[in-house]
Structures are given as C-alpha cells and as structure tokens.
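# Generate a structure from the sequence data that follows.
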Amino acid sequence: MAKYRSIPVEEKVRIIRSLLEEKKAQDIVTLDVREICNFTDFFVICSGESLRQIKTISEHLEDNLKKAGIRIFKNTRTGGDDNWVVLDCLDVVVHIFEPEARVFYNLERLWRTVEKREEHERKDS
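From the prediction side, this is the model:
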C-alpha cells in the first residue's frame, strides 16, 4: 500500500508539470482556480499527439505520483475514444487531451477569468 503524504499544492503542481514534460506532453497550461472554484485549486491542462501518447502520459503520472506520495482519487477517461483523461488529485485536477478534443472542450476559454501559467514557469533555487 502506498504511503500518501501532505504536499503543498504548489509543489504538487510542479511535480505534475515535470512528469508531463518527461513524456513530452504539449501545450502545458496551469490554471489557478482557487478564487472561483470550490472543488479544486489548480487545473493542469495538456495535450498528447495520439491516443497512445495520452495513455502513456496518464500511466506515467499515475505511477510516479503514487511514488511521490500524491494520491489520485479518480481517473476518468472520457470523450468517446479516451481522447480526454482526467486525473483528480483533489487540489489539482489534470486534464490530458487529444488536440481536437482540447479545442472542442476549450477549458482555457471556459475558465478564462483565472490566472494562467504557461510552460517553463519554474522557481529555480
């Protein structure tokens, strides 16, 4: 059984983004929804080039988040042909899209009033 630990939400976001980058996820965007959302603090949204890459990205996240002590409460594949995978870590929700599905559902537009953080936003110490 995995041992889950309390990790600050900003650190969770950093870990998730790093894992997404390892598997070459595209157009990674982080939305800070704390001010307007009561069920999570951040959305991390990205794209995979194919259904196979989406599956690889989601499996990589599942395996490595567990190792890091971050619990995934729900993993949902949606959008028909699994072209949209949602990993719910409570205070961070990860959306992995096929490019066409990402355009169709357009979460960035739906949540356009929140702070958007682009790729490579890292705090190097």
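# per-residue pLDDT, W84?
What the model reports for W84 is a pLDDT of 91.
# Any idea how many residues pack against it?
20 (other Cβ atoms under 10 Å). Placement of C-beta: from N, CA and C, glycine included.
# how about S6, secondary structure?
Put simply, S6 is coil when judged by DSSP: H, G, I helix; E, B strand; the rest coil.
# Please shift the residue numbers so they start at 44 in all later answers.
In the new numbering, first residue 44, that becomes S49.
# and it, how far is that from K55?
Look at S49 and K55: by Cβ to Cβ, to the nearest Å, they are 10 Å apart.
# list the buried ones in the helix or strand in which E105 is found?
Counting by DSSP states H and E, the element that carries E105 is helix 94-110. Across helix 94-110, burial judged by 16 or more other Cβ atoms under 10 Å covers Q96, I97, T99, I100, S101, L104, N107, L108.
# Can you spell out which helices and strands pack onto it?
Judged by 3 or more Cβ pairs under 8 Å, 6 or more residues apart in numbering; DSSP states H and E, the packing partners of helix 94-110 are helix 52-65, strand 127-131, strand 135-140.
# then that helix to CSV, C-alphas only?
C-alpha atoms of helix 94-110 as CSV (Å, rounded to 0.1, in the frame of the first residue of the first chain):
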residue,chain,number,x,y,z
LEU,A,94,-4.4,8.2,-28.0
ARG,A,95,-1.3,6.1,-27.3
GLN,A,96,0.7,9.1,-26.0
ILE,A,97,-2.3,10.2,-23.9
LYS,A,98,-2.4,6.7,-22.3
THR,A,99,1.4,6.7,-21.8
ILE,A,100,1.2,10.2,-20.2
SER,A,101,-1.6,9.2,-17.8
GLU,A,102,0.1,5.9,-16.8
HIS,A,103,3.4,7.7,-16.2
LEU,A,104,1.5,10.2,-14.0
GLU,A,105,-0.3,7.5,-12.1
ASP,A,106,2.8,5.5,-11.4
ASN,A,107,5.0,8.4,-10.4
LEU,A,108,2.5,10.4,-8.4
LYS,A,109,1.9,7.3,-6.3
LYS,A,110,5.7,7.0,-5.8
